[in-house]
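Participant: How does the following fold in three dimensions:
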Amino acid sequence: MEDTFFLDTNEGSIECRVIANLYSEKRKKYYLVYEYVNEESEDLFVSSYEPEDETNTLNDINDPAELKEVTELFESMM
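Facilitator: Predicted structure coming up:
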């Protein structure tokens, strides 16, 4: 069974499929790589999160250097 969740957006609730959970030793942060289930696009999305946060908040990554590091971490897993 694949992991899915619903992401609330301005356009409504979007079903997402989890591609990978990552942890950066360098930044001491957790990341979630996911895609939209019912979209034709092959885009992947990444957000940081705190596993202990009961609200399950996904945080945007706005720092290009951080995004590059997460991308490299993800690619090293594939």
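Participant: where in the protein is pLDDT low?
Facilitator: 1-2 (pLDDT under 70).
Participant: One more pass at 80, please.
Facilitator: 1-2, 39, 78 (pLDDT under 80).
Participant: tell me which residues form a beta bridge with Asp8?
Facilitator: Note on Asp8: beta-bridge partners by DSSP bridges are Ser13.
Participant: go on, the one 10 residues further on?
Facilitator: In this structure, Val18 has the following beta-bridge partners (DSSP bridges): Tyr34.
Participant: residue ranges of the helices in this protein, please?
Facilitator: Applying DSSP state H to the chain gives helices spanning 64-77.
Participant: so what's Thr4 closest to, chain neighbours aside?
Facilitator: Arg17 (5.4 Å; CB to CB, 6 or more residues apart in numbering). Quick note: C-beta positions are derived from backbone N, CA and C, even for glycine.
Participant: what do you get for Ser48?
Facilitator: Ser48's closest residue in space is Asn59 (CB to CB, 6+ apart), at 4.6 Å.
Participant: same deal with Cys16?
Facilitator: Cys16 sits nearest to Tyr34 (CB to CB, 6+ apart), 4.5 Å away.
Participant: Do I have it right that the one you found meets Val18?
Facilitator: Yes - Tyr34 is in contact with Val18 according to CB atoms under 8 Å; the separation is 5.3 Å.
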